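Enquirer: what's the 3D shape of this:
(3 chains)
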Amino acid sequence: MALDTSSTGAWEALAACREKSPLVQCITNYVSMDIMANVLLAAGASPAMAHSIGEVEDFVKIASALLINVGTLSEEWVGGMRLAAKAAVAQGKPWVLDPVGCGATPFRSQVISSLLALSPTVVRGNASEILALAGLEGATKGVDSTAAATEALGAAQQIARRHGCVVAISGAEDLVTDGTRVLKVANGVPMLQQITATGCSVTAVVAAFVCLFPQQPLEATAHALAYFGLAAELAAADGAKGPGSLRVGLLDNLWSMSQEQLLAGARVTEA
Amino acid sequence: MALDTSSTGAWEALAACREKSPLVQCITNYVSMDIMANVLLAAGASPAMAHSIGEVEDFVKIASALLINVGTLSEEWVGGMRLAAKAAVAQGKPWVLDPVGCGATPFRSQVISSLLALSPTVVRGNASEILALAGLEGATKGVDSTAAATEALGAAQQIARRHGCVVAISGAEDLVTDGTRVLKVANGVPMLQQITATGCSVTAVVAAFVCLFPQQPLEATAHALAYFGLAAELAAADGAKGPGSLRVGLLDNLWSMSQEQLLAGARVTEA
Amino acid sequence: MALDTSSTGAWEALAACREKSPLVQCITNYVSMDIMANVLLAAGASPAMAHSIGEVEDFVKIASALLINVGTLSEEWVGGMRLAAKAAVAQGKPWVLDPVGCGATPFRSQVISSLLALSPTVVRGNASEILALAGLEGATKGVDSTAAATEALGAAQQIARRHGCVVAISGAEDLVTDGTRVLKVANGVPMLQQITATGCSVTAVVAAFVCLFPQQPLEATAHALAYFGLAAELAAADGAKGPGSLRVGLLDNLWSMSQEQLLAGARVTEA
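Expert: Sure thing, here's the model as predicted:
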C-alpha cells in the first residue's frame, strides 16, 4: 500500500496504526512520559518506556519502532540510547530522534551529534533545534529560538541529505523533507505550545506511523503531524478554555477521530 | 472488623482508607508517578514516592504499605527495591509487587523473580505477566500477551500457594486468588486500557486497602479493584468522550464516590 | 517598577511574567515534572527540566531562575543540584528551594541542609517541612505533619534571618516572611491538596516571579502564591467536581486569568 500526500493517505496511516497497534519503544524525558504514552494509546499504538542498558537491546527485538528523546538527559541514559539505536538499525527497524534543546549546552549538543551519527530514520525538532543540529556539522547559522520553520529548511535539507533521513521542523506550519522533496503540514493550534511535551509526543506518533510504511517515511511523518495537529484543532473547536482542557480534548480527539474528520481536515501539501 | 466480599465490605475498605489516610510508599516507574499519586490522593490515601537506596529503609518506617512496580526498570533502582521489600517484611508491613512487562526481557524477568522471592503480600499483573511469572518458576506455559484472566488462573494459584501471597490478574474481569479461594471482580470499562498506568495505579490502591485489613488481603485486593473499576464506569456514564476525559472523570469519581454508589456498583463474587 | 502588596502588584507580576516569559530551570522530582512544566507554561513562563551534572551549570547561564525540589531524591542527583545552586548564586540569579519531605529521613534532611547552606533566594514548604528545616539547625521543635502555617512562623523567620532569604509556608493561609515583615496570602481551595505536586508547581511560579523583581522577593513570592491559589478558586467556581477536573481548571485559569479577575481576587495582606 502506497501512501499519497492527500488526506486519504493520512487516513490509511491512522487506520493501519489502529489496526496493527505497533509497539513503540520510547527512551524519552521524564516530563513527557505520561502524555507520550497516553498519546500513543489514543492513536491506537502501544507504548513501552524502557531505557536501561540492561534490556534496551532485548526490548528493540519486540518493538516495531524506537523513539529517542534527549529531553532530561543524563550520562546514565546515554549508553542505553546508543545501544538501542544501534540495535534498531541492525534489526532494520525505524528509529526517530528528537533532539530536544540542541544547542543549549555543549553536553547536550555532543550527545545529540553522536546519536545523529547512528542513522535515525527521522529527526523532528523545532526550528532552533534543527538549525543548531546543522550548525554542529559546519553550517554557520546559530541557534535562534524564535526562528520560523522556513528559516530552518535549508538546515533540515542539509541534515536529510547527509544522513539519509527525513527531517521534520515543527512550527506554525510544519515542514518535512527528505532532502529533495518538501511537504508542508498546516494543522495545529498555537495553544499546543502551552502544553508541555506535545512536540515530544507527536514524534512518538511519527515513529508509530513510519514503522507501518517503511518505504515512505516522508509521507508517514507528515501524516502523523497532520493527524496530531488536527486533533488539537478539533479539541479547540470543542471549546477548550485553556491548556488544561486542550490537553484533555487532544487525547479524546486522537482517540475518536473519524475517517470523515481526518479526510476533511488533514492539510499536507507538496511545498 | 472483618471484610466480607459483598459491596458492604468494599465500602468498609474505602471508608477506612478515607478515614485513616495510610501512607503508601511507591517505588514505581516514571510513566505512572503522576497518575498513581493522584489516584492515591483521590482515594483518600497519602502517596510518597521514594526510591533511593539512601532512604528507602527509613521511609518504610513511616509508611503503612509499600508498592514496588518495575515499569521503567534500571540497575540503579534494583538495590532500593530489594532493600525496601526486605524492610517491609521485617517490619510486618504489607508490600505489593507489580511485575510490569514480566517476560519481555531476561533482565526484567530476573529482577522480578528476585523480588518475588522477597515475600510480597500481593502480586498484581495482567494475564501475560502472571503467566510469565509462573513460567519463571518452572511452569511450561509461555507468555501470551492476548491471554484472558481465566487462562492465567492456574499460574496465579501456583504462585499464590508457593509464595503464600495473594495474586490478582487484571482483565475484562479480574480474578484474585490466595491459592485456594478465587474472587471475581466485574467492574471497569474497556477504555481504561487506553489510559497509561491505570493498572499501576490500582495496584497502589490495593496496597492502601491491604494495609488497613492485614488479615484479609484477598478481600481487600478485590475491593480495591472493584472501587477503581467502578469509578471508571461512573466516569464513562458521566459522558467521557475518550481517554482524556475518562482519566479526569476517573479521578473525580474516586474522590466523590458515595456509599450508595459503591454499594450499588461493586461486583465482587466468589468464583 | 516597585511591587506593592496589593492586587495591583500581583497583576504587575503576572503581566511581567507573560510578557517576558522567563526561562525557569527546574531540577525537580519525577512526580511533579508534568504538572510543573504545564503550570509554568500556563503562567506564561518557559520551563526547562535539566538536572545532569554534565550540563546544569551551562543551563543556568541561559536560565533566568532556578528551582530545586528534592522530592524523589537520589544520590545521583545531589551533585547536579549543588552545582546548579552554586552557579545561580555566582551568576546573580535567584534560586528557590523546595525542601520536600524534610525530616522524613536522615538522608533527605542532610541533603536539604546542605542545599540551604548554598544561599537560596526563597524557600517554600509546608509547616512540617519548615519546622523540620529549622530543627535541623538547632531549634527544638520537631516535625508535625498536621501543623498549621502559623505554628511554623517562628521557624520560618529564624531561617529567613539566618540565611538572608524569604521563607514561604504553605497552608490554608500561606505566610511569607523575610525575617522581619510577614505577608499573609488567603487564596486557594482545600481540594488543591488532593492534586499531587501543586505545592511543587507553585514554587516554580515563585521562581518565575522572583527573577522579574529581584529587589522584592517577598512581594513576588506572595503574589505567585495568590495568583496560583486564585486560579484554583476560579476552577472550583467553574464547577470542578473533584481533583481531576480541578487540575484541568487550574491550568485553564492560570492561562486565562484576566486583570479584572486578579485585581478582584488576590488576597495578600501585611500580617
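
Enquirer: What ranges in chain A fall below the confidence cut-off?
Expert: A:1, A:136-146 (pLDDT under 70).

Enquirer: near chain C, which residues of it show up?
Expert: Proximity of chain A to chain C (Cβ under 8 Å from any Cβ of the partner chain) is limited to residues A:29-31, A:34-35, A:71-76, A:101, A:104-108, A:193-197, A:241-245, A:247-248. Just so you know, the C-beta spots here come from the backbone N, C-alpha and C atoms, and that holds for glycine as well.

Enquirer: Would you mind listing which of the residues you listed are buried?
Expert: A:29-31, A:34-35, A:71-74, A:101, A:104-105, A:107-108, A:193-197, A:241-245, A:247-248 (16 or more other Cβ atoms under 10 Å in any protein chain shown).

Enquirer: so how far is residue A:24 from the spatially most central residue of chain A?
Expert: The centre of chain A sits closest to residue A:203, judged by Cα atoms, centre = their mean, with a distance of 1.9 Å. Counting by Cβ to Cβ, to the nearest Å, the gap between residue A:203 and residue A:24 amounts to 10 Å.

Enquirer: Return every residue with contacts to both of the two.
Expert: residue A:67 (Cβ atoms under 8 Å, 6 or more residues apart in numbering or on different chains).

Enquirer: can you pull the contacts of the residue nearest to the centre of chain A?
Expert: With Cβ under 8 Å, 6+ apart, residue A:203 has these contacts: A:67, A:69, A:96, A:98, A:124.

Enquirer: Try it again at 6 Å.
Expert: For residue A:203, the contacting residues are A:96, A:98, A:124, by Cβ atoms under 6 Å, 6 or more residues apart in numbering or on different chains.

Enquirer: Among these, name the ones in strands.
Expert: Of the positions in these, A:96, A:98, A:124 sit in strands, assigned by DSSP state E.

Enquirer: Please, where are all the strands along the stretch 101-250 of chain A?
Expert: For the stretch 101-250 of chain A, applying DSSP state E, counting those that start in this stretch gives strands covering A:122-126, A:166-170, A:174-177, A:182-185.

Enquirer: and the first one with strand A:166-170, angle?
Expert: An angle of 20 degrees separates the directions of strand A:122-126 and strand A:166-170 when computed by axes from the mean of the first three to the mean of the last three Cα atoms, to 10 degrees.

Enquirer: which other helices and strands contact the longest helix seen in chain A?
Expert: Assignment by DSSP state H gives helix A:217-237 as the longest helix of chain A. Applying 3 or more Cβ pairs under 6 Å, 6 or more residues apart in numbering or on different chains; DSSP states H and E, we find helix A:217-237 packed against helix A:7-20, strand A:166-170, strand A:174-177, strand A:182-185, helix A:198-212, helix A:243-256.

Enquirer: Could I have the CA atoms of the longest one written out in PDB?
Expert: This means helix A:198-212. The C-alpha trace of helix A:198-212 is given here as PDB (Å, rounded to 0.1, in the frame of the first residue of the first chain):
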ATOM      1  CA  THR A 198       3.300  17.900  22.800                       C
ATOM      2  CA  GLY A 199       6.300  18.100  20.400                       C
ATOM      3  CA  CYS A 200       7.800  15.100  22.100                       C
ATOM      4  CA  SER A 201       4.500  13.200  21.900                       C
ATOM      5  CA  VAL A 202       3.800  13.800  18.200                       C
ATOM      6  CA  THR A 203       7.300  12.500  17.500                       C
ATOM      7  CA  ALA A 204       6.200   9.200  19.100                       C
ATOM      8  CA  VAL A 205       3.300   9.100  16.700                       C
ATOM      9  CA  VAL A 206       5.700   9.700  13.800                       C
ATOM     10  CA  ALA A 207       7.600   6.600  15.000                       C
ATOM     11  CA  ALA A 208       4.300   4.600  15.000                       C
ATOM     12  CA  PHE A 209       3.300   5.700  11.500                       C
ATOM     13  CA  VAL A 210       6.800   5.300  10.000                       C
ATOM     14  CA  CYS A 211       7.200   1.700  11.000                       C
ATOM     15  CA  LEU A 212       4.000   0.800   9.200                       C
END
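
Enquirer: Could you tell me the angle between it and strand A:166-170?
Expert: 150 degrees.

Enquirer: List the buried residues for helix A:198-212?
Expert: A:198-212.

Enquirer: Quick check: closest non-adjacent residue to the one residue in the stretch 101-250 of chain A that gets nearest to chain B.
Expert: In the stretch 101-250 of chain A, the residue that lies nearest chain B is residue A:248 (3.9 Å; Cβ to the nearest Cβ). The shortest distance from residue A:248 to any non-neighbouring residue, by Cβ to Cβ, 6 or more residues apart in numbering or on different chains, is to residue B:244 (3.9 Å).

Enquirer: for residue A:156, same thing?
Expert: residue A:167 (4.0 Å).

Enquirer: go on, residue A:264?
Expert: residue A:7 is the one closest to residue A:264 (Cβ to Cβ, 6+ apart), at 7.4 Å.

Enquirer: do the same with residue A:17
Expert: Per Cβ to Cβ, 6+ apart, closest to residue A:17 is residue A:44, 4.8 Å.

Enquirer: out of the contacts of residue A:203, who's nearest chain C?
Expert: Distances from chain C to these, taken by Cβ to the nearest Cβ, are shortest for residue A:98, at 14.4 Å.

Enquirer: Look up how far residue C:266 lies from the closest one.
Expert: 39 Å.

Enquirer: who touches residue A:258 in this structure?
Expert: No contacts exist for residue A:258 under Cβ under 6 Å, 6+ apart.

Enquirer: Centre of the chain to stretch A:149-160, how far?
Expert: Here stretch A:149-160 is found 16 Å from its chain centre; the criterion is Cα atoms, centre = their mean, to the nearest Å.

Enquirer: Output it as PDB, nothing but the C-alphas.
Expert: Taking C-alpha atoms only, stretch A:149-160 is exported to PDB below (Å, rounded to 0.1, in the frame of the first residue of the first chain):
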ATOM      1  CA  ALA A 149      10.200  26.600  10.300                       C
ATOM      2  CA  THR A 150      11.000  28.200   6.900                       C
ATOM      3  CA  GLU A 151      14.300  29.600   8.300                       C
ATOM      4  CA  ALA A 152      15.500  26.100   9.200                       C
ATOM      5  CA  LEU A 153      14.500  24.400   5.900                       C
ATOM      6  CA  GLY A 154      18.000  24.700   4.400                       C
ATOM      7  CA  ALA A 155      19.500  23.200   7.500                       C
ATOM      8  CA  ALA A 156      16.900  20.400   7.500                       C
ATOM      9  CA  GLN A 157      17.700  19.600   3.900                       C
ATOM     10  CA  GLN A 158      21.400  19.500   4.600                       C
ATOM     11  CA  ILE A 159      20.900  17.100   7.500                       C
ATOM     12  CA  ALA A 160      18.500  14.900   5.500                       C
END
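
Enquirer: Show me which residues of that stretch are buried.
Expert: By neighbour count on 16+ other Cβ under 10 Å, the buried set for stretch A:149-160 is A:149, A:151, A:152, A:153, A:155, A:156, A:157, A:158, A:159, A:160.

Enquirer: Please identify the buried residues of the longest helix of chain A?
Expert: Quick answer for helix A:217-237 (16+ other Cβ under 10 Å): A:217-236.
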